[in-house]
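Trainee: The sequence isn't on hand, but the structure is:
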């Protein structure tokens, strides 16, 4: 009985693994296109802060204010707003990609795959979180 | 003395007290004229501050029975600081002058007798960074700024004690390590006065003249603000009897309250402000704490009277009266004008709220005056029936209720659209002129966590037929990916009215349209299963040559060109038996079909009568955007492009 349960678990995980491997991350829908366009429009404003180190990429697929003191006082509030809006869009992107794949339950996996992608694609000099959550400069 | 100066070396025991300690003290006195004094201290501690290898060199020292003095001394603590002091042991008086830099002076005088003390401190151009060492480890640090200060203290154990401190700060910059609390170029004047009989009575004033402050999440731009306050200080409490805060751009607020020093929280606070500028208050205090994407880019006008009462650190009661308010959101083309409101909220008790609005605009649609009356409590809200005039009809909303549950607020309401003429609606929305009416009965709408569900049906009476929208739902309604779902059923639409309205080319007859499984994103369809078919029944069925051309163009066939080449071009109108077209939209592609299969195509118009014409569509898969472009070309009355 114990063996059968174990076998079932292995099969379940094997299935989950193959399912996520099959996820199409490049899938496009009007919602995904709209979120991407919104993120693209924000990217110019954010990239200045990525480059200065004020904002970094987190290991959970979000962005975060890493060092507010690198931003002029009057702009700190708007950087907070940019970060909050970007994270809202990113959450929507992961959700919509999972949905477009017909598996809304894949959202967490899509997020973690994207988290690694963003970090891998980050430009030299940007700050990213390592697996332990510490900030490192690329 | 001769040529030999007499030298005395004194090793002093460590001095250790609860708040300070001095260790490794050596004093060396050279009795020449003038005498010189050198004191070295291995380690000095005062509260959290620590200095190592301190030396004091006094080239002009005087040590007498009734006077010990050091002129033009230098204190070396890593930084060399000019220092002079005079100490009169019998008079119990001390004068100390520190001149760390050119123009910078810290001067203190102390005079004490049994149970009495007077002290004064004068600072000129004092570098405010010198305070950094005295601040708690995790707190802010100054990086720039000067202070001019003059302070006086008269302390008398038995009688009245007094203090009076005034300070002017200039060009002050501070920040914490994370940059979440910071200032730049801050200029302010402060005054604190007080006296003690039984408890300390104080009054304070502060004027912020220039500079900016960021105190996450709030940003205070350069501007003038001033605070004046007075109160008491006891062992247990800090009491503010009355205080006034004048905030340029917002208005004046008054408050009084009690701070519980032991518990470290507000015991009681009463705050009020009249005629506060809504826009300034929104930008400064509400916008920074608004959730992502919500309440952004609003422009407000009008004023408000606000009252807030806190007890034991929590809001107990709050009220807000809005006068001649207006809200405008440019992106969503939303505006609400002439808002007058009396809003109130109270812990553990429901309060009446009233809002009246003189009008507004939702996109291109104007809305008329309406009134809202609501009962609001901490965990629930209920609105009296409300009627919002829209053109010649209205949206009436009944039974609005909201409850706060573990996962957030849940709203339910029922509503009805009282007949709005489609003529006026289509004109207002700048759509092709339509006739008929729009009305709806919506038994229940539920909204929670950005998801909306409509039970019941919306009914439109247009083109002499009916349009019923059912199973309407929306998700992520105010978020970045708002989706709308529903099913639409249209019956007996008059083709003549329809084709006239959209300049499609004349057709006579009746149509049924069903759109199932509809999903919209950003008000554009992304998925549906639609079927257009002739309605059942007996009615004239005619189709013009132009309509045939347009239908053919939609199906992407070459039928229209075929007409032009045949004798059929001599006829203006044809009879038909049935019309039918279906489109199943998915991933930007419309899978098309007709009434019946035809050789390498599908029948869109099945001919009947004389002259009869059958239209066949050949394209099974049409790009949705391309199809929309074709419909637009067809309804603009131009010649369809037939490939």
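Mentor: Structure's in. What do you need? Since we're looking at a predicted model, the values are computed, not measured. Numbers count the residues shown, from 1 in each chain, chains lettered A, B, ... in the order given.
Trainee: Which parts of chain A are helices?
Mentor: A:2-21, A:30-52, A:73-100, A:107-121 (DSSP state H).
Trainee: Nearest spatial neighbour of the most centrally placed residue in chain A, chain-adjacent residues omitted?
Mentor: By Cα atoms, centre = their mean, chain A has its centre lying nearest to residue A:61, at 2.4 Å. Spatially, and ignoring its direct neighbours in sequence, residue A:61 is nearest to residue A:115 (3.5 Å; Cβ to Cβ, 6 or more residues apart in numbering or on different chains). Quick note: C-beta positions are derived from backbone N, CA and C, even for glycine.
Trainee: Now for the residue nearest to residue B:13 when sequence neighbours are not counted, how many residues are close by?
Mentor: Once flanking residues are discounted, residue B:13 sits nearest to residue B:25: 7.7 Å by Cβ to Cβ, 6+ apart. Residues near residue B:25, counting by other Cβ atoms under 10 Å in any protein chain shown, number 18.
Trainee: Might you report the residue contacts of residue B:25?
Mentor: Neighbouring residues of residue B:25 by Cβ atoms under 8 Å, 6 or more residues apart in numbering or on different chains: B:11, B:12, B:13, B:14, B:15, B:39, B:40, B:41, B:42.
Trainee: Quick check: residue B:43 touching residue B:23?
Mentor: Yes - the criterion here is Cβ atoms under 8 Å, and residue B:43 meets it with residue B:23 at 4.6 Å.
Trainee: Go through stretch B:445-465 and flag the buried ones.
Mentor: Within stretch B:445-465, the residues that count as buried by 16 or more other Cβ atoms under 10 Å in any protein chain shown are B:445, B:447-448, B:452-454, B:456-460, B:462-463, B:465.
Trainee: same check, this time on stretch B:31-48
Mentor: Those would be B:35, B:36, B:37, B:38, B:39, B:41, B:44, B:45, for stretch B:31-48 by 16+ other Cβ under 10 Å.
Trainee: What lies in contact with that stretch?
Mentor: The list of residues contacting stretch B:31-48 from outside it, by Cβ under 8 Å, 6+ apart, reads B:1, B:5-8, B:19-30, B:50-63, B:70, B:73, B:133-134, B:136-137.
Trainee: From the contact counts, what lies against the helix or strand containing residue B:387?
Mentor: Using DSSP states H and E, residue B:387 sits within strand B:386-390. Packing contacts for strand B:386-390, counted by 3 or more Cβ pairs under 8 Å, 6 or more residues apart in numbering or on different chains; DSSP states H and E, involve strand B:365-367, strand B:370-376, strand B:393-405.
Trainee: Rounded mean pLDDT for the longest one, please.
Mentor: Okay, so that is strand B:393-405. Across strand B:393-405, pLDDT averages out at 94.
Trainee: Buried residues in it, which are they?
Mentor: Of all the residues in strand B:393-405, those buried under the rule 16+ other Cβ under 10 Å are B:393, B:394, B:395, B:396, B:397, B:400, B:402.
Trainee: Ok, stretch B:181-194 next?
Mentor: In terms of neighbour count (16+ other Cβ under 10 Å), stretch B:181-194 has its buried residues at B:181, B:182, B:183, B:184, B:186, B:187, B:188, B:189, B:190, B:192, B:193, B:194.
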